[in-house]
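Novice: Fold the stuff below for me.
(chains A, B and C)
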Amino acid sequence: MDFNLSEEHLMIQKAARDFARTELLPGVIERDDNAIKPIEQIKRMQELGFMGMMVDPKYGGGGMDTISYVLAMEEISKVDSSASVMMSVNNSLVCWGLENYGTEAQKQKYLVPLASGKAIGAFALSEPEAGSDATKQHTIAKDMGDHYVVNGIKNWITNGSDSQYYIVIAHTHPEKGHKGINAFIIEKDTPGFTVGPHENKMGMRGSHTHALMFQDCKVPKENRIGDDGFGFKFAMNTLNGGRIGIAAQALGIGQGALDLAIQYSKERKAFGKEIGHHQAIAFKLADMHTEMEAARLLIHKAAWLKDQHKDYGMAGAIAKYHAAEAAMHVTTEAVQIHGGYGYVKEYHVERLMRDAKLTQIYEGTSEIQQIVISRGLLRD
Amino acid sequence: MSVLVYTENWDGKFKKATWELISYGKAIAEQLGVPVFALTIGDVADDQLNELGKYGAEKVYHVKGEKVSKFVAASYTHAISEVAKQVGAKVVMFDHNFTGRSLAPRLAVRLDAGTVSGVVALPSSYEPFVVKRSVYSGKAFVEMQIDSEVKILSLMPNSYKVSENPIPISIEAIDLDIADELLKAVPVRVEKIEGKIPLTEAEIIVSAGRGMKASDNWGMIEELASILGAGLACSRPVSDEGWRGHDEHVGQTGKLVHPNLYFAIGISGAIQHLAGVNSSKVMVAINNDVEAPFFEAAHYGIVGDAFEIVPKLIEAVKEFKAAQ
Amino acid sequence: MKVLLAVSHVPDTTSKIRFVNKDSEFDKTDIQYIISPFDELALTRLLQIKEQIGGMHITAVTVGGADVDPTIRKALAIGADDAVRVDAEPTDALFVARQIAEVFKNGEFDFVMTGKESIDFTGNQVGEMVAEFLNIPSVASAASLELNGNIATIIREIDGGKEVIETPMPFVTSGQKGIAKEPRIPNMRGIMMARKKPLNVVPAVEQAAHTKVVKFTMPESRGACKMIDADNPAELIRLLHEEAKVL
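Specialist: Predicted coordinates for the structure are as follows:
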């Protein structure tokens, strides 16, 4: 057992922290306020290698482990979770899925630009009628022999308008249930593919979330990922890893709010002393820190299991469930500690609280994590 | 044996920092029982050189000529080293300004001498020789012992009081041969910023931060500095935003300053900023946020809107100056 | 072109400063170490020039024990090509400068760059001493560096202005604020490559240190801040004149 981070881990953490402080913090309130995408900032994250951290360097990635990734994710999410969700989707869903299940030709064509910062990807699973229940895909990819024709709508797609490449989950053989599902790589300019307007969200407003519409989109056969019918397994396996990234995002959001609350508690005075010296505040801080530290350990364990090529499905679900719930609680308490200041945008914590809410919802709601965890417990 | 003081001149003139340095050198020389000599390089009129006697210098060595008309660290080091050897200098003193920072270290290598830069007080002991300077960007002080035969010090401006000690002074012109080899890094152009008081030697500094909101609002800060005869400074965000030049940024990653009086206007007081200004004798904070950390460090504080307070302060200074 | 970049290993700027051993040593407990920010700015400027003109090889050098390896590897992660660590405790500036000068002599370098000071001892000494050991030109407190063939144009801050200096190679210059805007953040590939770049450990040459620390002291704590009514700044002026005696 070794809880020490390596020299590289510490360097990555520091690089992400410095980047977040110097390049994400300026303007983060305005971007949130006006739902402005962090385009320049994402470009810099591509240059710095944050968008393909875990991909093998032979495909243009950083060749880093999952621990490195969650450390960077936490630091960036402390400041701007709109940027970090864009990073998360590209790293843990798109790049990871392609690297693990794509053909060599798919990797050369799609993974290399995605991992080396020349392109951004999206992962399209949710539908208006199918969110948590991924077995019911209404998007249909009809097998036409040498190509597929895709029809349907995808909802809530992060990077929806920023991507060059989309991984789209669709049913080819609805009669076969989830075994009839496939995953496809669809390029932005494919005729018949359109991107809807972005949603006016409560939080993570800098990251634009779109509906994707497919009307008679011709997709080449070689763009299917894995064997015919592999799509459901592909999606579930990919989301398993994605949870660890979102858990780290939730941790960052919570820790960012906690750091601000600690600082405020040392500066703000009430009844003749710093509010941190009032037990009502001090105990809140103790609880918040404990929750964050527990989340961190769960996340690092799940990341470690993944790096050891051990089963991390359950660990990832636990980490995401706890981290998201903790982030919601910690950010709410951080607003409370800030009092009136907490409710105004200038002090950051209200934004973090709005952002935290999304971590309980996407990439598997907290209730879905409870299902995954309980099924794991009750399995014979 | 002697204490040798390098008295820099600015277009042939000395400054208050020069008198501080001679006064400090004189105090050391008395303890060591040796005379103080001054050394100046470049064109300085005799009446100006004679001024050095007022503070206790017995003799001034004057190096001049075409080859030393411009400051080049290597050639100046050579000149000082030659004179130091000739007069058997035990202690060689510099101002801790941009020039001193170039010369003292080079001379230390030349003379195989120990050197301490930015000294803030007289030696606390002479046997062994121990002097105090600030470290960790003003967060602490250290007492340094120098063991070599010759000791080289650079004195922090504003850290020693000028004291007059008039004695008759003699001037000795020194003719030195400076090899071309030593004249490689030559200034091709000097850009003087007129009327600006160098921060490293300013007795009063008026510094403003992000609370001023935009570069257009600096007029009142400049006016306050001007009537106080103060240097102008700013906090890091201000120079990062490009509202003011980097040369005005004070703090741990900018300049470390040590005036007698530091006004912090609209500066919250981040630890890195305080580290760079902590050795100011008196600090005044003006901030609309009563919780600003600067109030913890300041001696005097005013809570309120700088845009209202600064103009009133300017009036108050004007009245004060008029009454003086 | 080969450049030698001297870096120092210093406590992070937010560190709480404490001392141990009867106040004679810095307390390293829980201290995070970084490359001194001015050295990092100097490295950033070198990398900008390298990207502009190509063909530059940057060797980072430091003096210290194995505990400083992570700091020098950070320079490799940011973009230095290789590194040399002189294996010795950095006793004083003269000692450190001598070691750097020796590394320079053994490596056919074209010039030396460093930060104007380390943020712990803030001595402003090492760069100039290296130049004197090597008997080459030096320009301290450089706020700008441009290379034009064999000639460097350096803008140096002086009291009350700035000075533009031209010097042929070899030379030593030390960078201050302005030499580069922000220190460069290492990219992920750079971090992973850092361990693969050469870090040569060499023994120190003999050089007596002439100064040593006797003890550290903390500044006297200030009394409470005296608050003055915002409507009466004249009172502030009176206090500064009569009480504090600084006006």
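Novice: For stretch C:146-164, which outside residues touch it?
Specialist: Residues outside stretch C:146-164 that contact it (Cβ atoms under 8 Å, 6 or more residues apart in numbering or on different chains) are B:10, B:71, B:97-99, B:185, B:187-193, B:196-198, B:200-201, B:247, C:1, C:49, C:53, C:111, C:139-145, C:165-169, C:171, C:173, C:176, C:178. From N, CA and C alone the C-beta is placed, and that goes for glycine too.
Novice: which residue is nearest the middle of chain C?
Specialist: C:G115 (3.3 Å; Cα atoms, centre = their mean).
Novice: How about the residues of chain A by chain C?
Specialist: Listed as neighbours of chain C in chain A under the rule Cβ under 8 Å from any Cβ of the partner chain: A:7-8, A:10-12, A:15, A:18-19, A:22, A:47-50, A:53, A:57, A:62-64, A:68.
Novice: What score does the closest residue to chain A within chain B have for pLDDT?
Specialist: Nearest to chain A, among the residues of chain B, is B:E291, at 4.8 Å (Cβ to the nearest Cβ). B:E291 is assigned 82 on the pLDDT scale.
Novice: who's in contact with it?
Specialist: Taking Cβ under 8 Å, 6+ apart as the test, what B:E291 contacts is A:267-269.
Novice: How about the residue nearest to the centre of chain C, nearest residue that isn't a chain neighbour?
Specialist: In space, and not counting its chain neighbours, C:G115 is closest to C:F38: 2.6 Å by Cβ to Cβ, 6 or more residues apart in numbering or on different chains.
Novice: And the contacts of the one helix or strand that neighbour maps to?
Specialist: Using DSSP states H and E, the element containing C:F38 is helix C:37-53. Counting by Cβ under 8 Å, 6+ apart, helix C:37-53 makes contact with B:252-253, C:1, C:3, C:5-8, C:13, C:34-35, C:56, C:58, C:60, C:75, C:78-80, C:113-119, C:145-147, C:174-177, C:179-180, C:182-184, all of which sit outside it.
Novice: And these, which of them are buried?
Specialist: B:252-253, C:1, C:3, C:5-8, C:13, C:34-35, C:56, C:58, C:60, C:75, C:78-80, C:113-119, C:145, C:147, C:174-177, C:179-180, C:183-184 (16 or more other Cβ atoms under 10 Å in any protein chain shown).
Novice: that older thread, I'd say the residue nearest to the centre of chain C and C:I34 touch.
Specialist: No: applying Cβ atoms under 8 Å as the test, C:G115 and C:I34 come out as separate, 11.8 Å apart.
Novice: Tell me which of the contacts of helix C:37-53 fall in helices.
Specialist: Taking DSSP state H as the definition of helices, the contacts of helix C:37-53 contribute C:75, C:78.
Novice: Looking at the contacts of helix C:37-53, which are in strands?
Specialist: Residues of the contacts of helix C:37-53 located in strands (DSSP state E): C:3, C:5-6, C:34-35, C:58, C:60, C:113-115, C:145-147, C:174-175.
Novice: Nearest to C:A230, out of those: which one, please.
Specialist: C:I34 (39.9 Å; Cβ to Cβ).
Novice: what about that closest one, distance to chain A?
Specialist: As judged by Cβ to the nearest Cβ, to the nearest Å, C:I34 and chain A stand 8 Å apart.
Novice: what's the burial count for the closest residue to that residue other than its chain neighbours?
Specialist: With Cβ to Cβ, 6+ apart as the criterion, C:I34 has its nearest non-adjacent residue at 5.1 Å, and that residue is C:D12. Number of residues near C:D12 (other Cβ atoms under 10 Å in any protein chain shown) recorded here: 12.
Novice: was I right about C:D12 contacting C:Q32?
Specialist: Yes: contact criterion Cβ under 8 Å: C:D12 and C:Q32 qualify, at 4.4 Å.
Novice: Near chain B, which residues of chain A are found?
Specialist: Counting by Cβ under 8 Å from any Cβ, chain A sits next to chain B at A:267-269.
Novice: and of these, the nearest to B:T40?
Specialist: Closest to B:T40 out of the residues of chain A next to chain B is A:E267 (50.9 Å), distances taken as Cβ to Cβ.
Novice: Next, count neighbours for the closest one.
Specialist: The tally of other residues near A:E267 (other Cβ under 10 Å) stands at 16.
Novice: How about the contacts made by it?
Specialist: Neighbouring residues of A:E267 by Cβ under 8 Å, 6+ apart: A:274, B:291, B:293.
Novice: For it, give me the pLDDT.
Specialist: In this prediction, A:E267 has a pLDDT value of 81.
Novice: got it, and C:D231?
Specialist: You'll see C:D231 listed with a pLDDT of 89.
Novice: what distance separates stretch A:61-72 from the centre of its chain?
Specialist: Offset of stretch A:61-72 from its chain centre (Cα atoms, centre = their mean, to the nearest Å): 14 Å.
Novice: How about stretch C:103-110?
Specialist: That offset, for stretch C:103-110, works out to 19 Å (Cα atoms, centre = their mean).
Novice: Let me see the mean pLDDT of it.
Specialist: Here the average pLDDT along stretch C:103-110 is 96.
Novice: Any part of stretch B:187-195 near chain C?
Specialist: Yes: applying Cβ under 8 Å from any Cβ, one finds stretch B:187-195 touching chain C at B:187-193.
Novice: Among the residues you listed, which one is most surrounded by other residues?
Specialist: B:P187 (17 neighbours).
Novice: Can I get the contacts of A:E267 in JSON lines including distance to B:I41?
Specialist: What follows is these, written out as JSON lines (distance: Cβ to Cβ, whole Å):
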{"residue": "A:E274", "distance to B:I41": "55"}
{"residue": "B:E291", "distance to B:I41": "51"}
{"residue": "B:P293", "distance to B:I41": "45"}
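Novice: For chain C, state which of the residues you listed is nearest.
Specialist: Distance to chain C across those (Cβ to the nearest Cβ) is lowest for B:P293, with 10.9 Å.
Novice: What residue in chain A comes nearest to chain C?
Specialist: A:G49 (3.0 Å).
Novice: measure that residue to A:P113 for me?
Specialist: Per Cβ to Cβ, to the nearest Å, A:G49 is found 14 Å from A:P113.
Novice: So the two - more neighbours on which side?
Specialist: Neighbours per residue (other Cβ under 10 Å) separate A:G49 from A:P113, with A:G49 holding more: 27 against 18.
Novice: Can you get me a residue count around A:P57?
Specialist: Using other Cβ under 10 Å, A:P57 has 16 neighbouring residues.
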